[in-house]
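Visitor: predicted structure and sequence below. I'll ask about it afterward.
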Amino acid sequence: MLELRPNCELCDGDLPPGSLNARICSYECTFCAPCVDDVLANVCPNCGGGFTPRPIRPRAAWRPATGLEHDPAGTRRRRASRTTEEIAALTSRLRETPPDAR
């Protein structure tokens, strides 16, 4: 099941489970849309992949054992493990390469 991380790993902004600003890569690294668009140029600083909008988990259990009540969002906040310089170098190298060609 997809982990719904609570914050942007770059700016540490809150990303609650229903946020339309949350973006994830295939490793579930989580960033906010402004950081993805304005700083990262759609390049995950952890893996080099691209981002997609994070799905919204239903609040209600429309089927047994589903929804936020059964599978709550994560609470452990994460921060990018790379320096600003390392992030900028990878972003610069990959920004012109579409995610499906990386």
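Guide: Yep, that arrived.
Visitor: in this structure, which spans are helices?
Guide: 33-34, 67-70, 84-94 (DSSP state H).
Visitor: which of those sits most buried?
Guide: helix 33-34 (a mean of 16; mean count of other Cβ atoms under 10 Å). Placement of C-beta: from N, CA and C, glycine included.
Visitor: what sits up against that one?
Guide: 11, 21-23 (Cβ atoms under 8 Å, 6 or more residues apart in numbering).
Visitor: tell me the contacts of the most centrally placed residue in the chain?
Guide: Central residue of the chain (Cα atoms, centre = their mean): residue 30, 1.9 Å from the mean position. Going by Cβ under 8 Å, 6+ apart, residue 30 touches 5, 7-9, 15, 22-24, 54, 78.
Visitor: what's the closest of those residues to residue 90?
Guide: Residue 90 has its nearest neighbour among these in residue 9, at 14.1 Å by Cβ to Cβ.
Visitor: how far is the helix or strand bottoming out on mean pLDDT in the chain from where the chain is centred?
Guide: Ranking every helix and strand in the chain by mean pLDDT, DSSP states H and E puts helix 67-70 at the bottom, with a mean of 95. Taking the mean of its C-alpha atoms, helix 67-70 sits 20 Å from the chain's own mean (Cα atoms, centre = their mean, to the nearest Å).
Visitor: cool, and stretch 49-60?
Guide: Per Cα atoms, centre = their mean, the centroid offset for stretch 49-60 relative to its chain is 9 Å.
Visitor: in it, what's buried?
Guide: 49-51, 54, 57 (16 or more other Cβ atoms under 10 Å).
Visitor: reformat the contacts of residue 30 as TSV; add pLDDT.
Guide: Shown next, in TSV, are the contacts of residue 30 (pLDDT from 0 to 100):
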residue	pLDDT
5	98
7	98
8	98
9	98
15	98
22	98
23	98
24	98
54	98
78	97
